[in-house]
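# Give me a 3D structure for the following:
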Amino acid sequence: MSDPALAADAADTPATPDTLDTRDAPASRSRRLMAGAEKLAPGLALTAAIALGAYGLRYVPGVSILSPLILAILIGMLLHNAIGTPLRAKAGVAFSMRRILRFAIVLLGLQITAQQVVEIGGTGAAIVTASLAATFLFTKALGRLMGIERKLAELIAAGTSICGASAVIATNTVTDGSDEDVAYAVACVTVFGTISMFLYPLLGTAMGLAPHPFGLWAGASIHEIAQVVAAAFQHGTDAGEFGTIAKLSRVMLLAPVVGLLGFAASRRRDGETPSQAARRAPPIPWFVVGFIALIGVNSFGIVPADAKAVLVPATVFMLAMALAAMGLETDIRKLRAMGLAPLALGFFASVFISAFSLALVLLLG
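Coordinates of the predicted model:
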């Protein structure tokens, strides 16, 4: 039984700083969260508005061939170089460029299943993998010969060999190139991917390719998913469906490529001796692990169709926000200073993946 006198003394005891901190902790955390949200809000609103504008522009005749990702970075660059990015938007822009980007990459896993890789068969998977690996290595080697900065060459290699703009921005999370590097690489894969989208159906018809070989060729070599769909379905429904599956199996290889690049980046860290670098564990970015995990979840059909119907377009929207943020940090004067050599590298890389994958399809497909 408690002593009433002791209880009264405890009630009259003045609060110490420690007790005040304990009592105020939840309120303090709430205030910090509110302050953080207020700091991020202007930039998030700006990148979201640009992403919405990019979606709206797709209804303009002649513009619909460009994906919202490409349009978002173009609008962001235009705004930044015309009027500048508002200072109060900087925090939200940085958040879009990093946090939202990584979360969107994780959600990309919901668009792929292991069964899709099985559908293209062992030969198809081998063609896709060999084309990706050969193109990546060719582009990096040629970039070195042309004197192009390693990070930019790596981004062009990733965008050309894997999946266009999405691969560029995912790869840059470990390559750590400048915003100008990202913008230039995105421009390269957009230009040459769009040319391929129009050219492939003409070449496929001229060569008399059957639907499956044509779809495999398009899926193994054209840059963006949307470009593959547009090109492959012009050759028929079978070609379109097979091309889409081949492309998605190529996108699945994004995770191991980013993981390997992260491993290579850790070996290049300044100030490390070879023995220290050798002891370092390969860095696997959390979003790569999440991407692979969601592929597994999607393969077992755990995610309801209604949820995927919302999450898939939301993923593209978040990627558009991330690219809008990159555009808002890109200086066109720095792009001009890079010259035409990286553009030439993008051209040669695109020609290489097209010719290499076609040769494999004709020999093995």
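
# Measure how far the strand or helix carrying Phe198 is from the centre of its chain, please.
Under the criterion of DSSP states H and E, Phe198 resides in helix 179-207. Chain-centre distance of helix 179-207: 17 Å, with C-alpha atoms, centre = their mean, to the nearest Å.

# after it, next one along is what?
Per DSSP H and E, helix 179-207 leads on to helix 211-221 as the next helix or strand towards the C-terminus.

# Report the angle between that next one and helix 179-207.
160 degrees (axes from the mean of the first three to the mean of the last three C-alpha atoms, to 10 degrees).

# what sits up against helix 211-221?
120, 124, 127-128, 131-132, 196, 200, 204, 209, 228, 231-232, 235-236, 238-250, 353-354, 356-358, 360-362, 365 (C-beta atoms under 8 Å, 6 or more residues apart in numbering). Every residue, glycine included, has its C-beta placed from N, CA and C.

# then that helix to CSV, C-alphas only?
Below are the C-alpha coordinates for helix 211-221, written out as CSV (Å, rounded to 0.1, in the frame of the first residue of the first chain):
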residue,chain,number,x,y,z
PRO,A,211,7.4,-12.8,-85.8
HIS,A,212,9.3,-14.6,-83.0
PRO,A,213,12.8,-13.8,-84.3
PHE,A,214,11.8,-10.2,-85.0
GLY,A,215,10.3,-9.8,-81.5
LEU,A,216,13.4,-11.3,-79.9
TRP,A,217,15.7,-9.0,-81.9
ALA,A,218,13.6,-5.9,-80.9
GLY,A,219,13.4,-7.0,-77.2
ALA,A,220,17.1,-7.7,-77.0
SER,A,221,18.3,-4.4,-78.6
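
# Any regions of this structure where pLDDT drops low?
The chain contains residues with pLDDT under 70 at 1-27, 267-285, 365.

# Can you give the distance of the longest helix seen in it from its chain's centre?
Ranked by residue count, the top helix of the chain under DSSP state H comes out as helix 17-57. Distance of helix 17-57 from the chain centroid (C-alpha atoms, centre = their mean) equals 25 Å.

# Report all helices and strands that it contacts.
If you count contacts as 3 or more C-beta pairs under 8 Å, 6 or more residues apart in numbering; DSSP states H and E, helix 17-57 packs onto helix 68-82, helix 90-95, helix 305-327.

# State the distance from Ala309 to Ser354.
34 Å (C-beta to C-beta, to the nearest Å).

# Compare these two and say which is more crowded by neighbours.
For Ala309 versus Ser354, neighbours defined as other C-beta atoms under 10 Å are more numerous around Ser354 (23 against 10).

# Tell me if I'm right that that one and Ser196 touch.
Yes. Checked against C-beta atoms under 8 Å, the pair Ser354 and Ser196 is within contact range at 6.7 Å.

# Buried members of the contacts of helix 211-221 into ChimeraX, please.
To isolate the buried subset of the contacts of helix 211-221 in ChimeraX, counting by 16 or more other C-beta atoms under 10 Å, use the following:
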select :120,124,127,128,131,132,196,200,204,209,228,231,232,235,236,239,240,241,242,243,244,245,246,247,248,249,250,353,354,356,357,358,360,361,365
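
# Where helices are concerned, which of the contacts of helix 211-221 count?
The subset of the contacts of helix 211-221 located in helices under the criterion DSSP H comprises 124, 127-128, 131-132, 196, 200, 204, 228, 231-232, 238-250, 353-354, 356-358, 360-362.

# picking that back up, of the helices and strands packed on helix 17-57, which stretch is the most buried?
helix 68-82 (a mean of 22; mean count of other C-beta atoms under 10 Å).

# Okay, and Ser64 sits in which element?
Using DSSP H and E, Ser64 falls outside every helix and strand.

# wait, isn't it in contact with Ala54?
No. Applying C-beta under 8 Å as the test, Ser64 and Ala54 come out as separate, 11.6 Å apart.

# Looking at these two, which one has more neighbours?
More crowded of Ser64 and Ala54, by other C-beta under 10 Å: Ala54, with 26 against 11.

# if I look at the nearest residue to that one once chain neighbours are set aside, how far off is Phe138?
Once flanking residues are discounted, Ala54 sits nearest to Leu71: 3.7 Å by C-beta to C-beta, 6 or more residues apart in numbering. Here the criterion is C-beta to C-beta. By it, Leu71 lies 30 Å from Phe138.

# likewise Arg102?
Arg102 is 28 Å from Phe138, where distance means C-beta to C-beta.
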